[in-house]
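Visitor: next come a sequence and a model predicted from it.
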Amino acid sequence: MNSRIAVVPGSFDPPTLGHLDVIRRAASLYDQLHVLVVHNPGKEAMLPIAQRLTLLEQSIAESGIEGDVIVASWSMGLLVDYATDVDAGVLVKGIRSQVDVAYETPMAIVNRHLAHVETVFLLPDPAHALVSSSLVRQVASLGGDVSPFVPAAVARFLDTGAHQG
C-alpha cells in the first residue's frame, strides 16, 4: 500500500463546506487523493450518486483545490477493497464530535486488520463543525437557505429545485 495515496470516503449527500475543508486539507497532505462517494444502505439518499459526483467535481474545481484529486464512486464491496484497488494506504475521515470518533474508531481498527489501511482523522474547521449533510437536507427540504453551509455549485443546484422528485 502506498501511504502517499489516500481516500476520502463519504455519502456527500449533498457535499458541504465541511467536506470541502477536509478534501482541501487532505489534498495538501497526499500525492493523490480519491474522493469516494459511497452508498450507505442505512440512509435514504436525497441525490443520486451521479449527481453527487457532478456536484463534488464542480465544487472542487470552483474552490481551487489543487493536487491530484480523483472523484469516484463505490457501491459494491468493502471500502478497503477500493483502497486496495487504487493502492491507497490511508483513509481520511473528517470528525466533528466524540460521537463521530466512537462511530469511526471500530471501523478504522477493522480496516487496518482487513487490509493494512490506516485511518487518519481530521478535525473540522470550527466554522463547519456543526454542519452535516443531514442538517443541510432538512433545511433544504423545508425551503431554507443552505448557501452558508454548502459550496456554491451545490447551492445553485438546490436553488433550482432540480433535486426534488
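Guide: Perfect, thanks for sending it. Residues are numbered from 1 along each chain as shown.
Visitor: can you count the residues close to Val150?
Guide: Look at Val150: counted by other CB atoms under 10 Å, it has 26 neighbours. In this view, the C-beta of every residue, glycine as well, is placed from N, C-alpha and C.
Visitor: again, but for Pro106
Guide: Considering only other CB under 10 Å, Pro106 is surrounded by 9 other residues.
Visitor: quick check: mean pLDDT across the longest helix that the chain contains?
Guide: For the chain, the longest helix by residue count, based on DSSP state H, is helix 98-115. For helix 98-115, mean pLDDT rounds to 96.
Visitor: in that helix, what counts as buried?
Guide: Asp100, Glu104, Ala108, Asn111, Ala115 (16 or more other CB atoms under 10 Å).
Visitor: what about stretch 85-104, start to end distance?
Guide: From its first residue to its last, stretch 85-104 covers 22 Å (CA to CA, to the nearest Å).
Visitor: next: stretch 36-44.
Guide: Using CA to CA, first and last residues of stretch 36-44 are 18 Å apart.
Visitor: hmm, who's touching it?
Guide: 7-13, 45, 49, 52-53, 56, 71-75, 79, 82 (CB atoms under 8 Å, 6 or more residues apart in numbering).
Visitor: any stretches of this structure with poor pLDDT?
Guide: 161-165 (pLDDT under 70).
Visitor: all strands for it, in order.
Guide: 2-10, 32-38, 68-74, 88-94, 118-122 (DSSP state E).
Visitor: would you mind putting these into JSON lines with distance to Asp145 alongside?
Guide: Output for the strands of the chain, formatted as JSON lines (distance: least, CB to CB, whole Å):
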{"stretch": "strand 2-10", "distance to Asp145": "23"}
{"stretch": "strand 32-38", "distance to Asp145": "25"}
{"stretch": "strand 68-74", "distance to Asp145": "26"}
{"stretch": "strand 88-94", "distance to Asp145": "23"}
{"stretch": "strand 118-122", "distance to Asp145": "27"}
